[in-house]
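Trainee: Fold the following for me, if possible:
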Amino acid sequence: MSAERYTLDTNILIYAVDRSAGDKHRLATAIVDSSVERPCVLTLQALAEFVFAVTRKDLVPRREAVAQARNWLIVFPIVAADGRAFDAACSAMLTGRLSMFDALLIATAREAGCTFLLSEDMQDGAEFDGLVVRNPLRGDRLPTDLAPLLGLD
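Mentor: Next up is the predicted model:
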């Protein structure tokens, strides 16, 4: 499992900077830090949502949020949605199973060759055309089956 490409949802990025989040902050920080050296890509959408959310919630000052997002632009491969991803997201959203933003994140990640999406906001184990959602923040420890994927075993 350690060579599989994956991506991080916005909530993982937010918890990585939210020092008040306790175990979730600790786990998210470890995930993001280790993912720099792993086959992890970030979506441009997740970065934009990160900046929006942390500044709206006053978790970090605007300049710090932008600086963090720009740093991630440098250290992670970045993928962006294209017309095919948007069309796939629209189709998925119309089924009623996903919000437009979740559907777009999934479609973009799938096009980038990701087989896993790490997210707290979607159902752990849900599968979308070959992409599996995993929640790494279910407890105070990383699920043991995710440790090899993240290089934290």
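Trainee: When you work out contacts or count neighbours from here on, use the C-alpha atoms and nothing else.
Mentor: Noted.
Trainee: Which strand residues bridge Thr7?
Mentor: Thr7 has these beta-bridge partners by DSSP bridges: Val41, Leu117.
Trainee: just checking, what packs against the helix-or-strand element of the chain with minimal mean pLDDT?
Mentor: Using mean pLDDT, DSSP states H and E, helix 147-150 stands out as the lowest-scoring helix or strand of the chain, at a mean of 85. Judged by 3 or more C-alpha pairs under 8 Å, 6 or more residues apart in numbering; DSSP states H and E, helix 147-150 is in contact with helix 23-35.
Trainee: Which residues outside the helix it packs on are in contact with it?
Mentor: Residues from elsewhere that reach helix 23-35 (C-alpha atoms under 8 Å, 6 or more residues apart in numbering): 12-13, 15-19, 136-137, 139-142, 150-152.
Trainee: And the strands in the chain?
Mentor: Counting by DSSP state E, the chain has strands at residues 6-8, 40-43, 78-79, 116-118, 127-128, 131-134.
Trainee: check contacts around the closest residue to Ala46 other than its chain neighbours.
Mentor: Excluding its sequence neighbours, the residue lying closest to Ala46 (C-alpha to C-alpha, 6 or more residues apart in numbering) is Thr10, at 4.8 Å. By C-alpha under 8 Å, 6+ apart, the contact list for Thr10 reads 46-47, 49-50, 119.
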